[in-house]
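**Q** just coords:
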DNA sequence: ATGGTTGCTTAGCAA
């Protein structure tokens, strides 16, 4: 049975991570890859190197911060950049592509810095604007995956120490509620269709030996509509990718779909 | 308890 493999990964600089991205493509042979924190303008995007590896690039980047992209074996039929509303927001945090049998959205939700800060308010409003984009531009009846570093751990089992993280921007109830409003559009967590247990994380702080201690959070997600959920066959987090020198602080999340 | 690390860009910010 033919499987379609989808990966989401916050690379924390595509140029710094390019050798690891190329190795990931070789190792997993994904059909579509959603990247976040590429930190590169579109004119400097390593398009040629990725094309040599057999992938098309759809980039939406900026200098130093943010930046998202979608890599794919086939060209998308349709694509778009940004939240497509009337704000003058210049942060490059969302790109989407429609393929035969899959619409993929690569999103880098704002971290939020500190609860109560301006960046925190931006995070909450960004999530509301993302919900509005789904309402306006997409159909919950289409096979769609909202992928990315959503910077929210949905549940206590997604956090190594929920009490300690309860007031943090990554696990605060207001952030969880805002993400729940996005999901309420009609999305389910593809990873949780295949794994119930806690202790499975996608991000570990570079500091304090967080990775060897497994002091992590599950903040990178593949959220899918019902037609895609039905086709979901497996999901896993590629923890190997977090090991060694020049690792991103995030691990890729891999999901396989039928067809 | 405010440590510790990485990346971009060059000393300070963001995560």
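**A** Here it is on my side, so go on. Because the structure is predicted, anything quoted here is derived from the model rather than measured.

**Q** and the residue lying closest to residue A:215 once chain neighbours are set aside, what does it touch?
**A** Beyond its immediate neighbours in the sequence, the residue positioned closest to residue A:215 (CB to CB, 6 or more residues apart in numbering) is residue A:160, lying 4.8 Å away. For every residue, glycine as well, the C-beta is placed using N, CA and C. Residue A:160 is in contact with A:199, A:201, A:214, A:215, A:216, A:217, counting by CB atoms under 8 Å, 6 or more residues apart in numbering.

**Q** gap between the fourth one and residue A:126?
**A** Okay, so that is residue A:215. Residue A:215 sits 26 Å away from residue A:126 when distances are taken as CB to CB, to the nearest Å.

**Q** with the third one instead?
**A** Between residue A:214 and residue A:126 the computed distance is 29 Å (CB to CB).

**Q** repeat that for the last one.
**A** Counting by CB to CB, the gap from residue A:217 to residue A:126 is 19 Å.

**Q** and the second one, by the same measure?
**A** Taken as CB to CB, the spacing of residue A:201 relative to residue A:126 amounts to 23 Å.

**Q** give me the helices and strands touching the longest helix seen in chain A, please.
**A** Among the segments of chain A that qualify as a helix by DSSP state H, the longest is helix A:118-137. Applying 3 or more CB pairs under 8 Å, 6 or more residues apart in numbering; DSSP states H and E, one finds that helix A:118-137 makes contact with helix A:173-183.

**Q** ok, and for the helix it packs on, which residues are buried?
**A** By neighbour count, and taking 16 or more other CB atoms under 10 Å as the criterion, the buried residues in helix A:173-183 are A:175, A:176, A:178, A:179, A:182, A:183.

**Q** ok, then the element right after that helix?
**A** Downstream of helix A:173-183, the first helix or strand assigned by DSSP states H and E is strand A:188-189.

**Q** any part of the next helix or strand along the chain from that next one near DNA strand B?
**A** Sequence-wise, the next helix or strand beyond strand A:188-189 is strand A:203-204, with elements assigned using DSSP H and E. No: using CB under 7 Å from any atom of the strand, we find that strand A:203-204 stays clear of DNA strand B, coming within 8.2 Å at best.

**Q** for strand A:203-204, give the mean pLDDT please.
**A** Here strand A:203-204 scores 98 as its mean pLDDT.

**Q** ok now it, how far from the chain's centre?
**A** Relative to the mean C-alpha coordinate of its chain, strand A:203-204 is positioned 13 Å out (CA atoms, centre = their mean, to the nearest Å).

**Q** before we move on, the earlier item: who's in contact with the longest helix of chain A?
**A** Under the contact criterion CB under 8 Å, 6+ apart, helix A:118-137 has outside partners A:80, A:83-85, A:87, A:93-94, A:107, A:109-114, A:140, A:146, A:151, A:169, A:174-175, A:178-179, A:181-182, A:184-185.
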